[in-house]
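Visitor: dropping a prediction and its sequence here:
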Amino acid sequence: MTITSWQLAKRELHAVLTSRNIWVGATAAGLVLGFAAPFGTDAYLGLFARLLYWTAVVQITLLTGTLIATLLNPTSDQPPRRRWGGVTATGVLIGACVSVEVLMLNWLVFGQSPFAPAYALSLALNAVAISVIVNLSASWFGDRPSAATADRTQTTADDIAPPLLSRLPLDKRGKLISLSVQDHYVEVTTTSGRDVLLLRLSDAIREAGDGFQIHRSHWVASDAITRVARAGSAARLTTTDGRELPVSRTYVPELRQRGLLP
């Protein structure tokens with residue numbers, strides 16, 4: 001399976017679209033801007049219209065920024081100079097796209113022509129500056145867990161955390177329990193919850209640490225097994241979180257070798 005930036009962007013957009021916290025935060029930001037009336041919008045719109053206008057601006061630009069940043073932001077394993085240069089360039093592109101969206105929205109709401117050079121340039125410069133700052137900040141803080149989260153991760157993971165954990169959201173990082181194939185994704189279950197990664201199971205296993213594959217679609221951590229029972233020529237095992245996973249006949253000898261089956 002080939003992992004593409006577009007597939008990752010689709011997943012990130014889905015996460016944004018289904019996150020109540022993100023939309024509540026975006027709506028709150030729009031309402032604050034509506035009351036504050038920046039850029040002289042109070043001269044053109046009443047309070048209710050301003051609240052609607054700024055909420056729409058925040059939500060539209062949020063989607064645009066999320067899509068472009070996910071598609072184009074460089075990965076954290078690149079050299080710092082190249083990474084932050086790429087993040088800045090992505091912020092410039094986001095700002096350019098956002099400025100076009102706002103120009104069109106202002107044309108619709110205020111009847112202000114987007115073809116006035118001085119006006120369009122001023123708006124574009126503001127949009128680019130804001131987008132670069134936001135994209136740099138999001139990338140910077142996205143790479144650095146808070147002290148509380150880092151402490152929690154350290155106490156719930158092994159002394160040397162498996163590399164796979166670094167791919168998970170901070171609140172899902174804990175001791176690995178299992179990996180399971182879900183369509184084109186791998187569902188990663190830890191003691192802190194579940195998340196899905198656009199990754200081949202074989203690649204995920206290489207980053208998972210101590211454990212073994214029990215099925216073409218399942219892997220389990222060595223210390224996450226509470227019970228193993230025969231099921232004909234195959235077997236089933238129970239994990240520490242109470243789930244039952246199938247063990248195919250191919251992997252039964254491995255369980256015997258580890259002393260988990262007679």
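Guide: Here it is on my side, so go on.

Visitor: pLDDT of stretch 122-141, averaged?
Guide: What stretch 122-141 shows for mean pLDDT is 88.

Visitor: quick one: buried residues of that stretch?
Guide: With burial defined by 16 or more other CB atoms under 10 Å, the residues of stretch 122-141 counted as buried are Leu123, Ala124, Asn126, Ala127, Val128, Ile130, Ser131, Val132, Val134, Asn135, Ala138, Ser139. Every C-beta, even on glycine, is put in place using the N, C-alpha and C of the backbone.

Visitor: helices and strands around whichever helix in the chain runs longest, which ones?
Guide: Selection of the longest helix in the chain by residue count, based on DSSP state H, yields helix 80-110. Contact partners of helix 80-110 among helices and strands, from 3 or more CB pairs under 8 Å, 6 or more residues apart in numbering; DSSP states H and E: helix 47-72, helix 117-142.

Visitor: ok, what's across the strand from the nearest residue to Val252 once chain neighbours are set aside?
Guide: Excluding the flanking residues, the one nearest Val252 by CB to CB, 6 or more residues apart in numbering is Ala235, at 5.7 Å. Legend: beta-bridge partners of Ala235 under DSSP bridges are Arg230, Val247.

Visitor: in the stretch 101-250 of the chain, where is pLDDT below threshold?
Guide: Counting by pLDDT under 70, the stretch 101-250 of the chain contains low-confidence ranges at 142-160.

Visitor: switch to 90 and redo it
Guide: For the stretch 101-250 of the chain, the stretches with pLDDT under 90 are 112, 134-163, 166-173, 182-184, 198-200, 203, 209-210, 212, 222-223, 228-234.

Visitor: can you pull out the strands in the stretch 151-262 of the chain?
Guide: For the stretch 151-262 of the chain, applying DSSP state E, counting those that start in this stretch gives strands covering 176-182, 185-190, 193-197, 211-215, 218-221, 225-231, 234-239, 244-247.

Visitor: of those, which is nearest Asn21?
Guide: Shortest distance between Asn21 and those, using CB to CB, is found for strand 193-197: 15.3 Å.

Visitor: other residues contacting the closest one?
Guide: Applying CB atoms under 8 Å, 6 or more residues apart in numbering, the contact partners of strand 193-197 are 11, 164, 167-169, 171-172, 174, 182, 185-188, 204.
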